[in-house]
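> model this:
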Amino acid sequence: MPSIYRPGLFENRVAIVTGGGSGIGLAIARTLGELGAKIAIASRKQERLDAAKTELDKSCSSVLTQTCDIREIEQVAHLVDVVTHQLGPVDVLVNNAGGQFPTAAETLAPKGWDAVIRNNLSGTFYMTQAVATKSMIPRKKGRIVNVIANIARGFPGMVHTGAARAGVENMTKTLAVEWAQYDIQINAVAPGIIRSSGVDQYPPELVEMSRKRTPSKRLGTVDEVAQLVCFLASDAADFITGETWYVDGGAHLWGDTWLIPDRDAPP
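Here you go, the predicted structure:
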């Protein structure tokens with residue numbers, strides 16, 4: 001996908017991308033790196049990081065990888081310390097790590113609920129707080145982009161991640177106000193159905209139904225998400241904060257993907 005950004009846009013800037021080993025996160029890391037940023041990607045799986053680094057090294061000049069489970073505060077602190085020591089203070093944080101699975105609310109087990117809330121909501125806050133207090137607040141400058149999901153009209157079929165992502169969206173607004181005094185801009189990006197490794201766990205018929213019900217009648221691409229994230233991480237977004245940006249082909253405006261059973265229908 002052609003880039004609209006000038007070469008060297010993020011030169012001498014340090015960016016952390018969580019969940020940067022694959023899918024949307026990898027595309028974001030690659031785009032930031034190609035524009036000059038020193039990149040640190042984090043994932044729970046070392047083999048995923050190794051594969052991602054091999055790819056990123058082809059076009060990015062500085063790539064650091066570090067395993068990290070963002071649900072664990074000690075691992076988050078270690079990640080930020082490693083990045084700061086090896087690359088320098090963090091200028092850009094992209095909270096992309098997350099995970100969920102399709103489920104009806106009435107059959108969702110407590111373990112599944114807790115796992116998604118801890119990862120998508122708590123982990124995002126742990127990363128945000130650590131980077132802000134260690135790098136951005138002391139330097140009075142920073143960009144944070146939270147990758148959430150299409151939650152504009154609830155998230156039927158994924159109540160766990162809907163609740164978590166809504167929490168991150170509110171956190172985005174709250175911190176945008178609290179940290180404006182430090183010149184930290186924080187925004188959220190809400191992708192629709194994106195053609196990436198992240199949709200492989202979903203039934204093909206669900207993905208196809210989502211495509212048909214998207215006004216644009218197609219799936220999005222990881223590069224389309226990455227381009228928007230780069231804009232929000234750049235100086236061009238200096239006066240934009242606390243907003244949620246949808247990149248979903250209009251799906252949040254029209255086109256439900258969860259079919260409501262008709263309980264009064266004859267057997």
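> using CSV, write out every CA atom in the helix-or-strand element of the chain with minimal mean pLDDT.
Lowest by mean pLDDT, DSSP states H and E among the helices and strands of the chain is helix 204-213, with a mean of 81. Written as CSV, here are the backbone C-alpha positions of helix 204-213 (Å, rounded to 0.1, in the frame of the first residue of the first chain):
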residue,chain,number,x,y,z
PRO,A,204,-15.4,-18.5,7.8
GLU,A,205,-19.2,-18.1,7.5
LEU,A,206,-19.1,-15.4,10.3
VAL,A,207,-16.3,-13.5,8.4
GLU,A,208,-18.2,-13.7,5.2
MET,A,209,-21.4,-12.5,6.8
SER,A,210,-19.5,-9.6,8.2
ARG,A,211,-18.1,-8.7,4.8
LYS,A,212,-21.5,-8.7,3.3
ARG,A,213,-23.0,-6.5,6.0
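> mind checking what helix or strand follows it in sequence?
With elements assigned by DSSP states H and E, the helix or strand that comes after helix 204-213 is strand 220-221.
> all helices for this structure, in order.
In order along the chain, the chain carries the following helices (DSSP state H): 23-34, 46-56, 73-86, 110-117, 123-131, 137-139, 159-178, 204-213, 222-233.
> out of the ones you listed, which gets the lowest mean score?
Averaging pLDDT over each of the helices of the chain singles out helix 204-213 as the lowest, with a mean of 81.
> contacts for that one, please.
Applying C-beta atoms under 8 Å, 6 or more residues apart in numbering, the set of residues contacting helix 204-213 from outside is 102, 192-193, 199, 217-219, 251, 254-257. The C-beta positions use only the backbone N, C-alpha and C, and glycine is treated the same way.
> what does stretch 21-30 give?
By C-beta under 8 Å, 6+ apart, the list of residues contacting stretch 21-30 reads 15, 17-20, 39, 41, 43, 45, 48-49, 51-52, 55-56, 59-60, 63, 65, 94, 96-97, 147, 191, 194, 196-198, 222-223, 225-226, 229-230.
> which ChimeraX command selects the buried ones in those residues?
For anyone working in ChimeraX, the buried entries among those, judged by 16 or more other C-beta atoms under 10 Å, can be selected with:
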select :15,17,18,19,20,39,41,43,48,49,52,56,60,63,65,94,96,97,147,191,194,196,198,222,223,225,226,229,230
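> sorry, back to before: in the least confident helix or strand of the chain, what counts as buried?
Those would be 207, 209-211, for helix 204-213 by 16+ other C-beta under 10 Å.
> what does stretch 229-247 give?
Residues of stretch 229-247 classed as buried under the neighbour-count rule (16+ other C-beta under 10 Å) are 229-234, 237, 241-247.
> and which of those is nearest Arg139?
Minimum separation from Arg139 among the buried residues of stretch 229-247 (C-beta to C-beta) is found for Ala233, which lies at 15.6 Å.
> can you put the contacts of helix 204-213 in JSON lines and add neighbour count, distance to Ile70 and pLDDT?
JSON lines is the format used below for the contacts of helix 204-213 (neighbours: other C-beta atoms under 10 Å; distance: C-beta to C-beta, whole Å; pLDDT from 0 to 100):
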{"residue": "Pro102", "neighbour count": "12", "distance to Ile70": "22", "pLDDT": "81"}
{"residue": "Gly192", "neighbour count": "23", "distance to Ile70": "23", "pLDDT": "89"}
{"residue": "Ile193", "neighbour count": "24", "distance to Ile70": "24", "pLDDT": "84"}
{"residue": "Val199", "neighbour count": "16", "distance to Ile70": "21", "pLDDT": "69"}
{"residue": "Lys217", "neighbour count": "11", "distance to Ile70": "35", "pLDDT": "90"}
{"residue": "Arg218", "neighbour count": "12", "distance to Ile70": "31", "pLDDT": "91"}
{"residue": "Leu219", "neighbour count": "19", "distance to Ile70": "27", "pLDDT": "89"}
{"residue": "Ala251", "neighbour count": "25", "distance to Ile70": "27", "pLDDT": "90"}
{"residue": "Trp254", "neighbour count": "10", "distance to Ile70": "33", "pLDDT": "87"}
{"residue": "Gly255", "neighbour count": "20", "distance to Ile70": "31", "pLDDT": "73"}
{"residue": "Asp256", "neighbour count": "13", "distance to Ile70": "31", "pLDDT": "73"}
{"residue": "Thr257", "neighbour count": "19", "distance to Ile70": "28", "pLDDT": "69"}
